[in-house]
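In: Build me a model from this:
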Amino acid sequence: MRMPRPLVMTLLILIASAAAALPASAENQVSRYHSVSMGGISSDSYTAGEFAEFSASVEFSRGKALNPALSLRWLMPLNPLSYEGSLAGLGLDITLFYIGRHPLARLSPRKSALAPLLSLTAYFPVADLANPIFSVGLSPFRLFTGFGYFSAGIFSLVLDDSFAVDGWGLKLFEFSYMVY
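Out: From the prediction side, this is the model:
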């Protein structure tokens with residue numbers, strides 16, 4: 001019996017997430033944060049439009065590069081506001097590196113570090129949990145300020161069940177606050 005492709009991809013995301021969460025050493029730090037973002041999506045997989053996204057994440061800091069985080073997400077359409085059009089998501093985020101001296105330093109009154117993020121998310125439509133939608137995102141303009149992250153211009157590609165590009169998304173901003 002063959003497993004459907006979306007289910008295989010979802011299982012791979014779960015396995016990769018679990019592997020990324022395993023401690024590499026006793027020096028690991030675990031941080032918790034919650035986020036809110038606003039953006040738009042243009043895709044055939046679900047209704048295009050404006051969305052708000054809420055997430056809760058656990059980040060496993062291993063050093064100055066490749067820090068993984070697991071996140072639970074809720075993507076809700078805003079125009080029109082619709083619970084039925086919402087998507088629940090499971091994501092694996094990787095902070096690629098931290099750079100203390102960067103060209104965006106003047107944007108924050110606090111000391112900051114440029115911390116670009118790569119993310120892979122499986123979204124499950126509330127109305128049809130059996131057909132996940134996948135998203136690969138890049139946040140090149142993400143600042144870490146000690147109490148959280150601020151991102152602007154987060155680009156993502158939406159993938160269909162055969163993993164072909166089905167659309168794109170652009171988050172205008174994302175605010176993340178550490179809970180520790």
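In: Excluding covalently adjacent residues, which one is nearest to residue 126?
Out: Distance criterion C-beta to C-beta, 6 or more residues apart in numbering; nearest residue to residue 126, sequence neighbours excluded, is residue 86 at 4.8 Å. No exception for glycine: its C-beta is placed from N, CA and C like everyone else's.
In: Might one say that the one you found is in contact with residue 54?
Out: No. Between residue 86 and residue 54 there is no contact under C-beta atoms under 8 Å: 10.3 Å.
In: Need the three-state assignment for the residue nearest the centre of the chain.
Out: Nearest to the geometric centre of the chain sits residue 119, at 4.8 Å (C-alpha atoms, centre = their mean). Under DSSP: H, G, I helix; E, B strand; the rest coil, residue 119 falls in the strand class.
In: from memory it sits against residue 92, does it?
Out: Yes. Judged on C-beta under 8 Å, residue 119 makes contact with residue 92 at a distance of 7.0 Å.
In: For this structure, give me the ranges with low pLDDT.
Out: For the chain, applying pLDDT under 70 flags the ranges 1-28, 62, 104-105, 107-108, 180.
In: quick one, helices of it?
Out: 5-21 (DSSP state H).
In: just to revisit the earlier point, and the residue nearest to the centre of the chain, how far from residue 84?
Out: Distance of residue 119 to residue 84, computed by C-beta to C-beta, to the nearest Å: 25 Å.
In: what's the answer for residue 120, then?
Out: 25 Å.
In: Between these two, point out the one with more neighbours.
Out: residue 120 (20 against 8; other C-beta atoms under 10 Å).
In: Show me what that one is bridged to.
Out: residue 92, residue 136 (DSSP bridges).
In: I figured it hits residue 92, correct?
Out: Yes. With contact defined as C-beta under 8 Å, residue 120 counts as touching residue 92 (5.1 Å).
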